[in-house]
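>>> test case, fold it:
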Amino acid sequence: MEEKLPLDFLLRINFAPGHWLKIQDMLLFFIIVYCLLNLGIGYWASRRVKTSTDFVLAGRNLPMLVAASAMFATWFGSETVMGSSSEFVAQGVLGIIQDPFGAALCLLLVGLFFARPLYKLNILTFNDYYRRRFGSRAEWVSAVFMIPSYFGWIAAQLLAIAFVLKVLTGLPLVWGTSLGAAIVVAYTYMGGMWAVSITDALQTIFIIIGLSWLAGQMYWEVGSLEALRKPLPEDFFRFTPPANFEAIMAYILAWITIGLGSIPQQDVFQRVMSARSAKTAVRASILSAFMYLSIAFLPLFIALCGKVLYPELLQNNADPQLLLPNMVLLHGNFLLRVLFFGALLSAIMSTTSGALLAPATVFAENLVRPRWSGLSDAQLLRLMRASLVGIALISVLMANMQGNIHELVGQSSALSLVSLFVPLVAGLYWPRANETGALMAMGLGMAGWLFFEYWPIPVPATLMGLGLSFVGMGVGSATHRLFNPKEENLSKK
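Here you go, the predicted model:
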């Protein structure tokens, strides 16, 4: 979630003369068909939504390949296709540690250590876990910390959809964000996680076909791996950081921001918990990690070929994030353009749908439901759908304000890392963890992160916040046991 992409990256693409008239009608037709297909899937999925569990977790009945596709699609959006490829071209392997390596690490760790114990709890949200393990106050604080992290991320995805529509159809941004939100909200509103999962599986197919086709075309033009490697700097494929403190700190931060910070996030959780069994959840998580790591290398490879084949696209201070779309529009045939922009639009929409569903679920389940006695499951389902619309409206407003949205995107995984990761791990694997420790871990980690963001030191603020969260868990749990010895004795029994 942290890869930064300029908000106007597609608006600044330079079109070759005559290209627009040749591709506009067919690409517009493709987009309309694709959007209608998503809406059709949403309508079909709505017939399977009878309860809140159906809406949030697809009835906990997804087969492994569909569940794995849904997990893979968690972050595979415009930032992965465009942002990581530009970092790779500019910095080499060290520029892509966070994504795809850190993102794949997150999915792998979820499968190895978190999917099975959380699946057995039969809960709707991560925040339900905090309530069950630490109490209602931990549930409320975790929900308050989690929900705001999604607004900037959703807004950025809606802008990315709007930019694609602007380039391909000339639609103004304000209408593009609204139309993009309306389409994603419509099929997510109708089918919930069922619609998200099925469309994710479909969109994964578009992504693989589109990027694989383009990668094969680029390699054919390059001719050989030797021709691809020859113009690159000697340390381009270096995997470890230089031996200095600042570089090592940045390297560690790149691995853990998404690798650990996105583990306690609702969009990851709801995809894992939607599997039809604990074994399926574990296997799907591990499979999705390898899917992400392998498929995410396709845009990196394509960008590297583009750097060798079309170096002029990177000259005159050109933004490297424009390399792929410029290359496709200026040098690709019509089919290549359709496949590339289809893959890009698919990736963005799959990310947006899950990102919208996550905070809507947490708001209804963990902030409203505990304070609304006697709320039936049918009422909870209606509340979740209404929350989905409300969060989409807020995100559209943020998208059209175009102010500091990507700064919010960049902080979303860091926010959950410094506040929610330690209580999750301690709650599962440290029997002595308790409510006081969890609350101190959340509060101290968040406060430390904010403090060092404004008054920086050589150690990154995120690492300081994470360290203080560990301290809060240890000190808080020990203090609670000291003043409540009877609870300690009961826990031992």
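>>> in this structure residue 389 contacts residue 185, no?
Yes - in this structure, residue 389 is within contact of residue 185 by Cβ atoms under 8 Å, at 6.2 Å. For the C-beta atoms, the positions are set from N, CA and C on the backbone; glycine is no exception.
>>> more neighbours: these two, which one.
residue 185 (24 against 15; other Cβ atoms under 10 Å).
>>> for that one, which non-adjacent residue is closest in space?
In space, and not counting its chain neighbours, residue 185 is closest to residue 392: 4.7 Å by Cβ to Cβ, 6 or more residues apart in numbering.
>>> quick one: the helix or strand hosting that neighbour to chain centroid distance?
Element membership for residue 392 (DSSP states H and E) is helix 377-401. Computed by Cα atoms, centre = their mean, to the nearest Å, the chain-centroid distance of helix 377-401 equals 18 Å.
>>> measure the residue nearest to residue 185 to residue 384 for me?
Distance, residue 392 to residue 384, using Cβ to Cβ, to the nearest Å: 13 Å.
>>> show me the contacts for the residue nearest to residue 185.
154, 181, 184-185, 356 (Cβ atoms under 8 Å, 6 or more residues apart in numbering).
>>> and the residue nearest the centre of this structure?
Computing the C-alpha centroid of the chain and ranking residues by Cα atoms, centre = their mean puts residue 75 first, at 3.1 Å.
>>> report the contact partners of that residue.
1, 99, 103, 258, 262, 292, 351.
>>> that one should be in a helix, yeah?
No - looking at residue 75 with DSSP: H, G, I helix; E, B strand; the rest coil, it is coil, so not inside a helix.
>>> list phi and psi for it.
Dihedral pair for residue 75: phi -120, psi 0, per degrees, to the nearest 10.
>>> check it and give its pLDDT.
Residue 75 carries a pLDDT score of 79 in this model.
>>> kindly report the same for the one 4 residues further on.
Model confidence at residue 79, given as pLDDT, is 71.
>>> please apply the same query to residue 469.
97.
>>> so which strand or helix has it?
Using DSSP H and E, residue 469 sits within helix 461-483.
>>> start to end distance for stretch 86-97?
13 Å (Cα to Cα, to the nearest Å).
>>> could you pull out the buried residues of it?
If you call a residue buried by 16 or more other Cβ atoms under 10 Å, then stretch 86-97 has these buried ones: 86-89, 92-97.
>>> mean confidence (pLDDT) on that stretch, please.
87.
>>> other residues contacting that stretch?
The set of residues external to stretch 86-97 that reach it, using Cβ under 8 Å, 6+ apart, is 3, 84, 232-233, 235-239, 241, 251, 254-255, 300, 303-304, 306-307, 314, 319-321, 323.
>>> just put the contacts of residue 75 in CSV and tack on neighbour count and distance to residue 273.
Output for the contacts of residue 75, formatted as CSV (neighbours: other Cβ atoms under 10 Å; distance: Cβ to Cβ, whole Å):
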residue, neighbour count, distance to residue 273
1, 31, 20
99, 25, 24
103, 28, 19
258, 30, 20
262, 26, 15
292, 27, 19
351, 28, 19
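>>> and the least confident of those?
residue 1 (40).
>>> may I see the buried residues of stretch 199-219?
Going by 16+ other Cβ under 10 Å, stretch 199-219 has these buried residues: 199-204, 206-208, 210-211, 213-215, 217-219.
>>> and the lengthiest helix in the chain, what's its mean pLDDT?
Taking DSSP state H as the criterion, the chain has its longest helix at helix 173-222. Averaging pLDDT along helix 173-222 gives 86.
>>> check the offset of it from the chain's centre.
Its chain's C-alpha centre and that of helix 173-222 lie 14 Å apart, by Cα atoms, centre = their mean.
>>> between helix 377-401 and that helix, find me the angle.
80 degrees (axes from the mean of the first three to the mean of the last three Cα atoms, to 10 degrees).
>>> buried residues in the following helix or strand past helix 173-222?
Where DSSP H and E defines the elements, the next helix or strand beyond helix 173-222 is helix 225-229. Buried positions in helix 225-229, judged by neighbour count with 16+ other Cβ under 10 Å: residue 228.
>>> what's the angle from the first helix or strand past helix 225-229 going along the chain to helix 461-483?
For helix 225-229, the following helix or strand on the C-terminal side (DSSP H and E) is helix 245-259. Orientation of helix 245-259 against helix 461-483 (the same axes, to 10 degrees) gives an angle of 70 degrees.
>>> tell me which other helices or strands helix 245-259 touches.
If you count contacts as 3 or more Cβ pairs under 8 Å, 6 or more residues apart in numbering; DSSP states H and E, helix 245-259 packs onto helix 103-109, helix 405-419, helix 461-483.
>>> next secondary structure element downstream of the second one?
In this case it means helix 405-419. helix 421-429.
>>> can you mark which positions in that following helix are buried?
Those would be 421-427, for helix 421-429 by 16+ other Cβ under 10 Å.
>>> so can I have a markdown table of the residues you listed showing distance to residue 461 and pLDDT?
Listed next are the buried residues of helix 421-429 as a markdown table, based on distance: Cβ to Cβ, whole Å; pLDDT from 0 to 100:
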| residue | distance to residue 461 | pLDDT |
| --- | --- | --- |
| 421 | 15 | 95 |
| 422 | 16 | 97 |
| 423 | 19 | 97 |
| 424 | 21 | 96 |
| 425 | 20 | 96 |
| 426 | 22 | 96 |
| 427 | 25 | 96 |
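>>> now, among those, which is nearest to residue 401?
Taking Cβ to Cβ as the measure, residue 401 lies nearest residue 421 of those, at 30.2 Å.
>>> surely that closest one and residue 264 touch.
Yes - counting by Cβ under 8 Å, residue 264 is a contact partner of residue 421 at 5.4 Å.
>>> number of nearby residues for residue 36?
11.
>>> that one and residue 43: what is the separation?
Separation of residue 36 from residue 43 (Cβ to Cβ): 10 Å.
>>> circling back: relative to residue 37, how far out is the residue nearest to residue 185?
Distance from residue 392 to residue 37, by Cβ to Cβ: 20 Å.
>>> report the contact partners of the closest residue to residue 42 other than its chain neighbours.
Distances taken as Cβ to Cβ, 6+ apart place residue 187 nearest to residue 42, at 2.7 Å, with adjacent residues excluded. Residue 187 sits next to 38-39, 41-43, 45, 195, 199, 353 when contact means Cβ under 8 Å, 6+ apart.
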